[in-house]
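1. my questions are about this predicted structure, shown below with the sequence.
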Amino acid sequence: MAISLVLAVFFDAKARREETWLRQQFPEYANYQLRVRRFLPGIY
């Protein structure tokens with residue numbers, strides 16, 4: 001259970017870093033990000 005929690009935190013941090021890079025490279029990504037959730041559709 002602890003490993004799952006560590007992995008969830010790791011992947012969330014990794015996704016946030018990648019999203020920052022994507023917004024810098026592709027300005028239209030911000031609009032896409034408003035429509036689509038990060039991991040769980042409609043939730044998170």
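-> Looks like it came in fine.
2. now the most centrally placed residue in the chain, nearest residue through space, not along the chain?
-> The centroid of the chain falls nearest to Ala15 when counting by Cα atoms, centre = their mean (3.7 Å). The spatially closest residue to Ala15, leaving aside those adjacent along the chain, is Arg38, at 5.6 Å (Cβ to Cβ, 6 or more residues apart in numbering). From N, CA and C alone the C-beta is placed, and that goes for glycine too.
3. doesn't Glu18 make contact with that neighbour?
-> No: look at Arg38 against Glu18 with Cβ atoms under 8 Å: they stay out of range, at 10.1 Å.
4. more crowded one of those two?
-> Comparing Arg38 with Glu18 by other Cβ atoms under 10 Å, the one with more neighbours is Arg38, at 13 against 10.
5. please report phi then psi for that one.
-> phi -70, psi -60 (degrees, to the nearest 10).
6. got a list of what it touches?
-> Counting by Cβ atoms under 8 Å, 6 or more residues apart in numbering, Arg38 touches 12, 15, 19, 44.
7. with only the CA atoms kept, save stretch 2-13 in CSV.
-> Coordinates of the C-alpha atoms in stretch 2-13 are reproduced here as CSV (Å, rounded to 0.1, in the frame of the first residue of the first chain):
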residue,chain,number,x,y,z
ALA,A,2,2.8,2.4,0.8
ILE,A,3,4.5,1.7,-2.5
SER,A,4,1.2,2.5,-4.3
LEU,A,5,1.0,5.9,-2.5
VAL,A,6,4.6,6.7,-3.3
LEU,A,7,4.1,5.8,-7.0
ALA,A,8,0.9,7.9,-7.1
VAL,A,9,2.7,11.0,-5.8
PHE,A,10,5.6,10.4,-8.2
PHE,A,11,3.4,10.1,-11.3
ASP,A,12,1.4,13.1,-10.2
ALA,A,13,4.6,15.2,-9.9
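8. perfect, that will be all.
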